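Engineer: Here is a sequence with its predicted model. Questions after.
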Amino acid sequence: MKTDIAGILSRRNFLKAGAVLGGGVVTGGMPLSQAIWAAEGKVLRACSNGDLTKLDPISVARAVEIDVINCLYSKLIRYKPGTEWAWELDAAEKIEKVDPTHIRFRLKKGIKFTGGNGEMSATDVKFSFERLFKHNSSNKPSWGSFDHVELEDDYTGVIVFKTPYAPVWFVSLPSESGQIVSEDAVIKATKDGGDFGIKPPAFSGPYVLADWKPNQYILLTRNPEWSGPKPGFDEIRILPVDDLKARERAYLAGDADFTSISLDSLASFKSNPPANTKVEERPSLGYAWVGMNMDHPKLKDINVRKAIQWAINVPQILDAAYAGQVNVATGPIAPGLIGHRAEALVPPEGDLAKAKEFLGKAGVSDLTLSIDCTNESVNSAIAQMVQAQLSQIGISVEVNSRDSSTFWTLGMESEGERWKDLQLIVNGFIGLPDPHYNVTWFVQDQVGVWNWERFRSARFDELVAKAVTIDDPDARAKLYYEMQDLMEESGAYRFLTNGATPIVYRTTQIKAATRPDGAPLYLDCQPV
């Protein structure tokens, strides 16, 4: 959606809700006569990379949703801010590994759920983790071989895995799938404990969602029932902006004090930064790729898919879309992680002659395909480059640019029949500091959930399950090398880049806190 960012904020669309009643959410906004600005107090103003679609930990997926729920709920442990990946206690007073398949935790006392839903207990932890599996959460792969939680008393429990699960400390517990919700509140809201969507029935974190207007703003205010350490800001106002260039304009106009910026603007921001601005470059653990729906009739033939792989020149795309400021990916596992491949099977530049050979083997001519992407400038540039490159082997490509909310449901069978029409996809996922998180979305159980290429490999699934039981990093790495080979050999993936995350923030307003990959940790940000 195209919007006049400066106009939005100069007209002051961020309104503070006059009251937050019982943990309820004011999603429709309030009459102006009942809404007030925080005349006093500290306000954190940030841009996010899109808008909300879900706020339930069993279904959130987008970075903005994760950033928001980190403020609304509590986890046993959370990521520490800084440049090195580490975790610290959150809702847990103590947590320890008992043996390779058991982790005991003890909750802090006095963490309350809003809306009269009582104190957080070990029963809520059990409910929160087990519902991921009971309701077939799209985020359950983060928990691997999880089996159940055993209760010892009101505050103590033991997390039980079927087999050892190495990623638990950096994926399961501190990520979005480790959030703890109120069993009583969720059961009341949903009857069966399933997905409550965009309307949380109770909060347990330092903030509540006071107001949200789609495509305009997200407003978080202090949780009056929060008894933990007081966060630095009275309000967090988030402007959802899909496009990086629009985020830059919002920052330059003074409408936001924290945002990510485009890589092609990084050099100019560094050489001539705006007043009172800190520019930071953070390595990304994410990955971008061009995917192909293997079940679509036009892409069922592996020779067609191989032709597309070999016709795509990755460095050309990165020059056009990222100003050449990013690495060439060798797979979904970024440099620095266990299992990062030294090189891909298909060379980055591809080979047009080879691509035409594969197309000849398929006996295909006059092929017309579509490529779907978000309407954000980088992904649109990638799609247009793919369109141009495939034209060189006689394939015509139509580009479908979608708003982010529409795009992120295209391949989901639960959202209707649109997945059947998907052909080529400009896709990108965030990553975490364990390779399992970057490959687990491509197992067969994820077909029609996050596995939009509909890639199926029994060997891949076997390797995913085995790798998380191994502690030795070299032994684990070999399995991840093979997994990425299998993905590429299917013809359904052309890996592009792991990206980078340049961020800017206003040093007169905020002492920023982020994860090592640049993702904001709003709870740790402090006013100046």
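Structural biologist: Everything's here; your move. Numbers count the residues shown, from 1 in each chain.
Engineer: C-alpha from now on. contacts and neighbour counts both.
Structural biologist: Fine.
Engineer: Can you tell me the element residue 66 falls in?
Structural biologist: helix 63-72 (DSSP states H and E).
Engineer: and if you look at residue 317?
Structural biologist: Using DSSP H and E, residue 317 falls in helix 314-322.
Engineer: Likewise for residue 154?
Structural biologist: Under the assignment here (DSSP H and E), residue 154 is part of no helix and no strand.
Engineer: pLDDT at it, what is it?
Structural biologist: The model reports residue 154 with a pLDDT of 98.
Engineer: do residue 40 as well
Structural biologist: At residue 40, the pLDDT recorded in the model is 52.
Engineer: Same check on residue 325?
Structural biologist: 87.
Engineer: same for the helix or strand following the helix holding residue 66, what does it pack against?
Structural biologist: Downstream of helix 63-72, the first helix or strand assigned by DSSP H and E is strand 74-75. Under the contact criterion of 3 or more CA pairs under 8 Å, 6 or more residues apart in numbering; DSSP states H and E, strand 74-75 touches strand 179-180.
Engineer: Need the contact partners of the strand it packs on.
Structural biologist: The contact list for strand 179-180 (CA atoms under 8 Å, 6 or more residues apart in numbering) reads 57, 70, 73-76, 124-125, 128-129, 173.
Engineer: how about a cut-off of 7 Å?
Structural biologist: 57, 73-75, 124-125, 128 (CA atoms under 7 Å, 6 or more residues apart in numbering).
Engineer: quick check, nearest of those to residue 314?
Structural biologist: For the contacts of strand 179-180, the closest approach to residue 314 (CA to CA) belongs to residue 57, at 34.6 Å.
Engineer: ok, how many other residues are close to that closest one?
Structural biologist: Neighbour count of residue 57, defined by other CA atoms under 10 Å: 29.
Engineer: residue contacts, it?
Structural biologist: Residue 57 neighbours (CA under 7 Å, 6+ apart): 176-177, 179.
Engineer: so how far is residue 175 from residue 465?
Structural biologist: Separation of residue 465 from residue 175 (CA to CA, to the nearest Å): 20 Å.
Engineer: neighbour count winner among those two?
Structural biologist: residue 175 (21 against 18).
Engineer: ok, what's across the strand from residue 428?
Structural biologist: Note on residue 428: beta-bridge partners residue 288, judged by DSSP bridges.
Engineer: surely it meets residue 290?
Structural biologist: No - here residue 428 does not reach residue 290: they are 8.6 Å apart, not a contact under CA atoms under 7 Å.
Engineer: The two: which is more packed in?
Structural biologist: Neighbours were counted for residue 428 and for residue 290 using other CA under 10 Å; residue 290 has more, 24 against 20.
Engineer: okay, the angle between the helix or strand that contains that one and helix 314-322?
Structural biologist: When elements are assigned from DSSP H and E, residue 290 belongs to strand 287-292. For strand 287-292 against helix 314-322, the angle by axes from the mean of the first three to the mean of the last three CA atoms, to 10 degrees is 110 degrees.
Engineer: what's strand 287-292 in contact with?
Structural biologist: 332, 423-430, 453, 492-499.
Engineer: can you give me the mean pLDDT across that strand?
Structural biologist: For strand 287-292, mean pLDDT is 98.
Engineer: Mind exporting the C-alpha coordinates of it to PDB?
Structural biologist: Extracted in PDB, the C-alpha atoms of strand 287-292 (Å, rounded to 0.1, in the frame of the first residue of the first chain):
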ATOM      1  CA  TYR A 287      18.200 -16.100   3.600                       C
ATOM      2  CA  ALA A 288      16.500 -15.100   0.400                       C
ATOM      3  CA  TRP A 289      15.900 -17.300  -2.600                       C
ATOM      4  CA  VAL A 290      13.800 -17.900  -5.700                       C
ATOM      5  CA  GLY A 291      11.600 -20.800  -5.100                       C
ATOM      6  CA  MET A 292       9.500 -23.000  -7.500                       C
END
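Engineer: how close does the residue nearest to residue 465 when sequence neighbours are not counted sit to residue 331?
Structural biologist: Counting by CA to CA, 6 or more residues apart in numbering, the nearest residue to residue 465 once its immediate chain neighbours are dropped is residue 144, at 7.5 Å. Using CA to CA, one gets 21 Å for the distance from residue 144 to residue 331.
Engineer: Among those two, which residue is more densely surrounded?
Structural biologist: Comparing residue 144 with residue 331 by other CA under 10 Å, the one with more neighbours is residue 331, at 32 against 24.
Engineer: Model confidence for the more buried one, exactly?
Structural biologist: In this model, residue 331 carries a pLDDT of 98.
Engineer: The one 10 residues further on now?
Structural biologist: We have a pLDDT of 97 for residue 341.
Engineer: Pretty sure it sits in a strand.
Structural biologist: No - read with DSSP: H, G, I helix; E, B strand; the rest coil, residue 341 is coil and lies in no strand.
Engineer: State the number of residues packed around it.
Structural biologist: Using other CA under 10 Å: residue 341 sits among 22 other residues.
Engineer: Tell me where the chain is predicted with low confidence.
Structural biologist: 1-40 (pLDDT under 70).
Engineer: ok, then the element right after the longest helix anywhere in it?
Structural biologist: Longest helix in the chain, counting residues (DSSP state H): helix 473-489. Following helix 473-489 in sequence order, the next helix or strand is strand 493-497 (DSSP H and E).
Engineer: That following strand - contacts with which helices or strands?
Structural biologist: With contacts taken as 3 or more CA pairs under 7 Å, 6 or more residues apart in numbering; DSSP states H and E, strand 493-497 sits against strand 287-292.
Engineer: Done for today, thanks.
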